[in-house]
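# sequence below, structure please.
(2 chains)
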Amino acid sequence: MIEVKNLSKVFPDGTQALSGVSVSIPQGDFVAIIGLSGAGKSTFLRTLNRLVEPTSGEIRVGGVEVTRLSRRELQAFRRRVGFIFQQFNLVQRLTVLENVLHGRLGYLPTWKGLLGLYREEDTALALEQIRRVGLQGKERARADQLSGGQQQRVAIARALAQEPELILADEPMASLDPRLSDVILGILKEYNQEKGVTVLVNIHVLELARRYARRVLAFNRGQLVFDGPVEDLTPEVERRVYAGNLEAL
Amino acid sequence: MSLVLFLLGAFLAGLLGLGRGSVRRYLVAGALGVLVVTPAFPLVGAVGYLSRETLGPTLLALLPFAPQLALVPLGGLLALALAHFGGRPAGLGGLLGGGLGFLALLTFLQGPAHLVRLKPVPGLMEGAVGLLALLPFLVLAFSQRKRTWLWLPLGLALALGSFLWLNSPQGHTYFPRMEGYYQLVLPAEPGAEEVLVAAYNQGLEDLNRVRQEIGLPPLKPIQDLSGLGEGRLPQEVAQAGYRLLQPQALGYGAVALLLFLGVMAGAGLWLLRNPGLLEAGDLRSGLVLAGVALSVFPAFDATEFDLGKLVKGWPFLVNFLDRAWPPNLAQPASGIYPLQSVASEMLLTVEIALVGTLLAALFALPTSFLAARNLTSKNPVLRLLFYLMRGFYNVDRGVDTLILALILVAAVGLGPFAGVLAMAIHSIADLGKLYSEAIENVDKGPIEALESVGASGSNVLRWAILPQVLPLFVSYTLYRFEINFRVSIVLGLVGAGGIGFFIKGAMDAGHYDQMVIGIIAIVLVVNLIDFASSWLRSRLV
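Residues are numbered from 1 along each chain as shown, chains lettered A, B, ... in the order given. Okay, the predicted model is just below:
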């Protein structure tokens, strides 16, 4: 599903966020990405749909050479990749349904999108996703009237409404009450098992990674320091992942 | 008069000292003020034959004629130098400098009128302008640690260049008043005054005969120049470069000097009694205070500020109010219905503001997206459009609605259409700038989210940015409508119709009792619209 070779990213200020990352992830996997903040987890996830442009390296997702896509092709590619943000990134003044329908914009001609002329099956799909994340009855509520946990579920519904082949979640629980983590990860896990969709989640709580993921990628200072099944995540490996990184905090 | 001004300055310093803050800064400000006034502000008046020959020599220019005046700037220097030592020495300096300077000035100002000879100093004004051009470069050079050497030669070159150009024949063609602007005042040759008095008394007989024929009272012979007929010199004497110096005619420089000297003396007295009233940054704050005071004096003089005129005109005001009340609401017998006119014209004024604001909003909406920095950073064509748009806004903001209206009245004729166009054109820039700033401040999260679902650029604009900025846009537009309503009142005065037009018409015709209805209506509607608009805006955001 995902083939990454020698991926590097240097930011304009000189920060080496990723250096020489190579990894291969099969279809339907549930992968947790761990590491301290500043280790490159977020940048890695964002390069996969080019929210961040990689400096060098190759990325193949579902047979598509992501780094070579033109603007238009990139839009067509992105509609099949759901991205969930730490800060939800909802449009606060729009309703839950409108926010979830945004997941369908990539499938509409531009002019229909501008006018909000969604097809009937788009609306049906959006309503189904709202039900899936447990927000039925809230369709007409404005996003800024919801609690943080509810907002993140709207954001997940938006990603699911894209009918994605791949879901990238960038610390989806970090801004929420820890007790909501199970709800969020539960929805993602369920979708992963039901549709066989590949899921990559950035997590900084190791215990959650152990509970939900089949596989773990660990980053330290932009380098991939561990890649393997979750059972191999021994205390010795943990020390290596979190070693020498205190100044990055 | 002189003593009153001096005491007023001292009293001011005393009042300021009551706050127990630093008094020394007022002393420094006074001394600096004296030093600037000396070469720059006109001290007293000097008349010739024509009114354009009247001039106001500065204290510096008067020095060859009245050397005792040198005590004034010297007193300022003394006070400034002693202020550095703080406490009692500073107080003594202020008291001495202020007091001595005042006495020297007073003896001069109390003196009689004199005949003086002018001697132009070429290049002085031109040099002063050159130095002024150097000033910003000096600030740049000495306020920054790096690249000091780069600014100095640049500033020197500019200063020298502007001096040479201004002092050349070409410069004098463009700025004719600058040539020989600064003139020294020298005493006239001994005996010249007596010659003038004798000549005047001799010609008096002929003059009085003429005056008698046209029914004017005869003039008496004079003893000295103070009584010279209507205070003017004979034409040929004035043309020969002589002026009649009148120390009693205080220029604003004299007023400023007296006040500054009074402040110096008063602050000095305070410091002698309370040597502790000083702070570390006194020189700097004194500089700022002196700068503010110095810019105010010429401004009052230039605007011909004169409370006496108001006192003189008071009866006219009372008369106006008498004739304006009670308001003439309607006179069916003569077919005049002012209240009806006010209502109709007021409606027109509101409508001008509505259309003008709406048109401006329609144009500002699309252009503001091009004028937003964050939306135009990705490609060079958009960047160019951004600069073009911002440039247009800046120029447009500089041209006021009224000026546009004057031009457009010439193009499309008198009437509300010209006003609406002018208002729309000017408001585009104001609204566009506000809109684009709102766009620049949007939350970037939703933009990223919409990009990540594969939405096209225009859809990102529509669904991520527009919902965020639309309430702000509406709020800014309402606010602009408030302003435009008040602008539209004044637009009527230049012929764009509406309540302003009604008021101007009533005023010109002397129908004050109709005009007052318009004024009352304006007060009511302005407040009503402001209230309604701010209530709406508070509900929006």
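
# only C-alpha atoms from now on, for both contacts and neighbour counts.
OK.

# spatially nearest residue to the residue in the stretch 201-350 of chain B that chain A sits nearest to, not counting backbone neighbours?
Nearest residue of the stretch 201-350 of chain B to chain A: residue B:350, at 31.8 Å (CA to the nearest CA). Spatial nearest neighbour of residue B:350, chain neighbours left out: residue B:485 (6.1 Å); criterion: CA to CA, 6 or more residues apart in numbering or on different chains.

# about what we covered before: the residue of the stretch 201-350 of chain B closest to chain A sits in which helix or strand?
Using DSSP states H and E, residue B:350 falls within helix B:338-370.

# quick one: that helix to chain centroid distance?
Computed by CA atoms, centre = their mean, to the nearest Å, the chain-centroid distance of helix B:338-370 equals 32 Å.

# helices or strands next to the host helix or strand of the residue nearest to residue B:350 in the packing?
Under the criterion of DSSP H and E, residue B:485 resides in helix B:466-491. In terms of contacts (3 or more CA pairs under 8 Å, 6 or more residues apart in numbering or on different chains; DSSP states H and E), helix B:466-491 is packed against helix B:338-370, helix B:401-412, helix B:416-440, helix B:499-508, helix B:512-540.

# pull the fourth one out as CSV, backbone CA atoms only.
The C-alpha trace of helix B:499-508 is given here as CSV (Å, rounded to 0.1, in the frame of the first residue of the first chain):
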residue,chain,number,x,y,z
ILE,B,499,-29.7,66.9,3.5
GLY,B,500,-26.4,68.8,3.1
PHE,B,501,-27.7,70.4,0.0
PHE,B,502,-30.9,71.5,1.8
ILE,B,503,-28.9,73.0,4.6
LYS,B,504,-26.6,74.9,2.3
GLY,B,505,-29.6,76.2,0.4
ALA,B,506,-31.4,77.3,3.5
MET,B,507,-28.3,78.9,4.9
ASP,B,508,-27.6,80.8,1.7
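
# buried ones in that helix?
For helix B:499-508, the neighbour count (16 or more other CA atoms under 10 Å in any protein chain shown) marks B:499, B:500, B:501, B:502, B:503, B:504, B:506 as buried.

# name the helix or strand of chain A that has the lowest mean pLDDT.
Using mean pLDDT, DSSP states H and E, helix A:235-241 stands out as the lowest-scoring helix or strand of chain A, at a mean of 82.

# if I pick the residue nearest to residue B:350, what's in contact with it?
Residues in contact with residue B:485 (CA atoms under 8 Å, 6 or more residues apart in numbering or on different chains) are B:349, B:350, B:352, B:353, B:354, B:526.

# show me which of these are buried.
B:349, B:350, B:352, B:353, B:354.

# strands of the chain, start to end?
As the question left the chain open, I've gone with chain A. Counting by DSSP state E, chain A has strands at residues A:2-10, A:16-25, A:30-34, A:56-61, A:64-65, A:81-84, A:166-169, A:198-202, A:215-220, A:223-229.

# oops, chain B please
Per DSSP E, chain B carries strands over the ranges B:44-47, B:114-120, B:183-187, B:242-250.

# columns mean neighbour count and distance to residue B:89 on top of those, output as CSV?
CSV is the format used below for these (neighbours: other CA atoms under 10 Å in any protein chain shown; distance: least, CA to CA, whole Å):
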stretch, mean neighbour count, distance to residue B:89
strand B:44-47, 22, 33
strand B:114-120, 19, 39
strand B:183-187, 21, 35
strand B:242-250, 22, 32
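
# what residues does chain B put near chain A?
With CA under 8 Å from any CA of the partner chain as the criterion, chain B meets chain A at residues B:445-446, B:448-456, B:458-459, B:462-464, B:467-468.

# ok so, going back, let me have the buried residues of helix B:499-508 in JSON lines, extended by pLDDT.
Formatted as JSON lines, the buried residues of helix B:499-508 follow (pLDDT from 0 to 100):
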{"residue": "B:499", "pLDDT": "90"}
{"residue": "B:500", "pLDDT": "89"}
{"residue": "B:501", "pLDDT": "89"}
{"residue": "B:502", "pLDDT": "90"}
{"residue": "B:503", "pLDDT": "90"}
{"residue": "B:504", "pLDDT": "90"}
{"residue": "B:506", "pLDDT": "88"}
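
# can you give me the pLDDT of residue 103?
All of this refers to chain A. pLDDT recorded at residue A:103 is 94.

# can you look at chain B instead?
Per the predicted model, pLDDT is 90 at residue B:103.

# low pLDDT regions in the stretch 301-450 of chain B?
Applying pLDDT under 70 to the stretch 301-450 of chain B picks out no residues at all.

# do that again at 80, thanks
Applying pLDDT under 80 to the stretch 301-450 of chain B flags the ranges B:330.

# what of chain A?
Low-confidence segments of chain A (pLDDT under 80): A:240, A:243-249.

# around chain B, which positions in chain A sit nearby?
Counting by CA under 8 Å from any CA, the residues of chain A close to chain B are A:49, A:51, A:74-83, A:85, A:87-94, A:102-106, A:110, A:113-114, A:159, A:162.
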